[in-house]
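1. could you work out the structure for the sequence below:
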Amino acid sequence: MTPSHTPLFWENRGKEIPPRPDFPESYPWEDERHWYDREYAGWMVKKEPQPPSPPGGPKGKEVMALVPGDHPYSREYQEGMREKAESYGIALTILDCQWDSDLQDQQMERVLRLKPDLIILWAEDQENAGAMIRKAYSAGIPLIASNFTPDEKDYPYILSWTGPDDWEQFRLLSRRFASLMNNRGGYGIICHREETSSYYARSWAAITELNKGAPAMELLEMASTDLDSRKTCDTIRGWLSVHGPALKGIICADDSEAQEGINQALEEACRSDVICVANGSTPRGIRFIREGKLKAITYQDPRRDGALAVQVCADYFHGLAISGMNPLPVHLLDRDNILDLVAPREKKNSTPDYLYQLIMECRREEVSGYFRQLAEDFSRDSSVTMDYFRGFTMEILSNLMNITRTLELPLEEYLGRPENLFKKLFLQPGMDETLGWLREVSLEILRSQEQKRKNSTTLIEQVIAYAAENYHTPLSLKVLAYHFNLSSPYLGRLFKKETGDSFPLWLNRLRLEKAEELMMRESLPLSQIALKVGYANANYFFNLYKKYRGMNPGDYLESLRDNYKN
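-> Residues are numbered from 1 along each chain as shown. Alright, predicted model coming up:
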């Protein structure tokens, strides 16, 4: 890799905040200065004191998330939250208010009574968000505002904000839109739900940016269709009827349901000439890019959006200093870069969670190979942003800290003082040095894990002891893997290698032996005996017993009685 391809990823200038104009509301809505307090809300706010992080790291901590309703983006967002929470052992509960702000208020009251360790709030109604934020603060529960923009007066009371920087993204998208339109022609905007923070950002960022940079372009129409496909299709049909060929382009606040409606209306009218861009990037939006129905979308991965909120939770539980604003990287996708930018992120073997698995399983060569592959992937991918690389490596470092706590290793001995870790990361001069430093830290932790295993009973001996004590509980390889911080496929292979049996076979034999011991010494109904040894379904127990013993458990009981009489 030549020096020109080794960017200084820690050259972070931050978000440039212009001076606040006097009386922003006095400017017309088409002037970007009018929206100053909305666009830069939260970036220069002084926080009120936040609750201290509870000890013990993220494992076992209770986090409750409130989300507004069902939508393709929301579903992917929630999946990203679940995956990240599972990787840290965080107990995550998600409450969906089905686009009903009154129901979300009730859910918040319930959450406050339950007193979780942290709340993630994606507010359905921005007007109600302030009251919920302040109630959580008064209750001493830290709150992360995610994927919506609170009022500036409410920012002091939140632990952090996470999500896409809609204003900056839509300014970038609008400049690309203007270029595609050759800086002229009529356009329309399909807006987000009215009165939401996304409604203002994804409408007025575009309008003000185009007024400033492409004054020859004319806004013909704008409408909120509640992100509904049918409503959007009807709206576009009306626009085409009124404006005909004068409508040259459409900006959409949603690359999924609403964009589906736009596509349908344009296909009906045989208007393949209309330039479309949208907020994204759901799987459907990415497909529309590949099909040519969208020219550009914002790079707003919903899974990464959800994972980011939980990652900030984990950093807080690790005792790290938390930034008040944690936006996703700002980037656009089009047909030229979509394969380069999306495909590498979907590789299972390049995730920080996969590195966690390799270290826990002491797979030394694969740990080194993991970092070699990362270096190759990043050097080939010219579209990787500084923010993405920084976030990715910070996530790796957070996972490494989590491993030391899980293994009960002295953190400072292997990683140094927590407050200095990220400073060391930021001091690395380039990509190769950053990944090399993380590789050495990973291998040092792996060496300590190997030594710890040599000095204790074998892992499978520990697993067998645990299973023998808990055979009567719901037990599976997945449960054991979680308890011992391993992957279930790896544990299954290791168990069979050392015992000669699969774990389910071994467990069933143990349970049947325990059942026979109970039948010998206690006069209990067979259904109760089944329950006591871990089988909730008595019929399953009967069938299993006959399979392994060649008789029904009732026949075995009868034989015991006969032996006793004789």
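2. quick one: mean pLDDT over stretch 295-303.
-> Regarding stretch 295-303, the rounded mean pLDDT is 88.
3. got the buried residues for that stretch?
-> Neighbour counts over stretch 295-303 (16 or more other Cβ atoms under 10 Å) mark 295, 296, 297, 298, 299, 300, 301, 302, 303 as buried. No exception for glycine: its C-beta is placed from N, CA and C like everyone else's.
4. and the first one, its phi and psi?
-> Just to be clear, that refers to residue 295. phi -90, psi -30 (degrees, to the nearest 10).
5. for the third one, same thing?
-> Backbone torsions for residue 297, taken as degrees, to the nearest 10, come to phi -140, psi 160.
6. can you check the fifth one too?
-> Note on residue 299: backbone dihedrals following degrees, to the nearest 10 are phi -80, psi 90.
7. check contacts around it.
-> 280, 281, 329, 330, 331, 332, 333, 341 (Cβ atoms under 8 Å, 6 or more residues apart in numbering).
8. tell me the one among the residues you listed nearest to residue 213.
-> Ranked by distance to residue 213 (Cβ to Cβ), the contacts of residue 299 are led by residue 332 at 15.6 Å.
9. what's the burial count for that closest one?
-> 21 (other Cβ atoms under 10 Å).
10. now do it against residue 211, distance only.
-> The gap separating residue 332 from residue 211 is 20 Å, by Cβ to Cβ, to the nearest Å.
11. could I get the contacts of residue 299 as a markdown table with pLDDT and secondary structure?
-> What follows is the contacts of residue 299, written out as a markdown table (pLDDT from 0 to 100; DSSP: H, G, I helix; E, B strand; the rest coil):
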| residue | pLDDT | secondary structure |
| --- | --- | --- |
| 280 | 82 | coil |
| 281 | 74 | coil |
| 329 | 78 | coil |
| 330 | 83 | coil |
| 331 | 82 | coil |
| 332 | 88 | strand |
| 333 | 88 | strand |
| 341 | 52 | helix |
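12. considering the residues you listed, which possesses the most neighbours?
-> Result: residue 280 is most packed of the contacts of residue 299 (other Cβ under 10 Å), 30 neighbours.
13. correct me, but that residue touches residue 333?
-> Yes: with contact defined as Cβ atoms under 8 Å, residue 280 and residue 333 form a contacting pair (6.7 Å).
14. spit out the residues that contact the two alike.
-> Here residue 280 and residue 333 share the contacting residues 286, 297, 298, 299, scored by Cβ under 8 Å, 6+ apart.
15. report the two of those separated the most.
-> Farthest pair in the shared contacts of residue 280 and residue 333, by Cβ to Cβ: 286 and 298, 11.8 Å.
16. mutual contacts of these two, please.
-> Shared contacts of residue 286 and residue 298, counting by Cβ under 8 Å, 6+ apart, come down to 280, 333.
17. does residue 124 lie in a helix or a strand, and which?
-> Using DSSP states H and E, residue 124 sits within no helix or strand.
18. that one contacts residue 96, doesn't it?
-> No: counting by Cβ under 8 Å, residue 96 is not a contact partner of residue 124; they are 9.7 Å apart.
19. comparing those two, which residue is more hemmed in?
-> residue 124 (25 against 20).
20. do a quick rundown of the helices in the stretch 1-150 of the chain.
-> With DSSP state H, counting those that start in this stretch, the ranges of helices along the stretch 1-150 of the chain come out as 36-39, 72-88, 101-114, 126-138.
21. which of those sits most buried?
-> helix 72-88 (a mean of 21; mean count of other Cβ atoms under 10 Å).
22. by contact count, what packs against that one?
-> Under the contact definition 3 or more Cβ pairs under 8 Å, 6 or more residues apart in numbering; DSSP states H and E, helix 72-88 sits against strand 62-67, strand 91-96, helix 283-291, helix 302-317, helix 352-360.
23. so which of the ones you listed gets nearest residue 142?
-> Closest to residue 142 of those, according to Cβ to Cβ: helix 302-317, at 6.7 Å.
24. strand partners of the helix or strand following the closest one, parallel vs antiparallel please.
-> Sequence-wise, the next helix or strand beyond helix 302-317 is strand 325-327, with elements assigned using DSSP H and E. Each strand that pairs with strand 325-327, with its direction, by DSSP bridges: strand 160-163 (parallel).
25. contacting residues for the closest residue to residue 136 other than its chain neighbours?
-> Distances taken as Cβ to Cβ, 6 or more residues apart in numbering place residue 143 nearest to residue 136, at 4.4 Å, with adjacent residues excluded. Residue 143 makes contact with 118, 119, 120, 121, 133, 136, 137, 157, 158, 159, according to Cβ under 8 Å, 6+ apart.
26. again, but for residue 393
-> Here residue 393 is in contact with 9, 425, 434, 435, 438 (Cβ under 8 Å, 6+ apart).
27. check residue 99 too.
-> By Cβ under 8 Å, 6+ apart, residue 99 lies in contact with 68, 69, 124.
28. what's the separation between it and residue 549?
-> Taken as Cβ to Cβ, the span from residue 99 to residue 549 is 56 Å.
29. now what about the host helix or strand of residue 233, what contacts it?
-> According to DSSP H and E, residue 233 maps onto helix 229-243. Contact partners of helix 229-243, identified using Cβ under 8 Å, 6+ apart, comprise 186, 188, 190, 220-221, 223, 225, 247, 250, 252, 257-262, 264-266, 268-269, 271.
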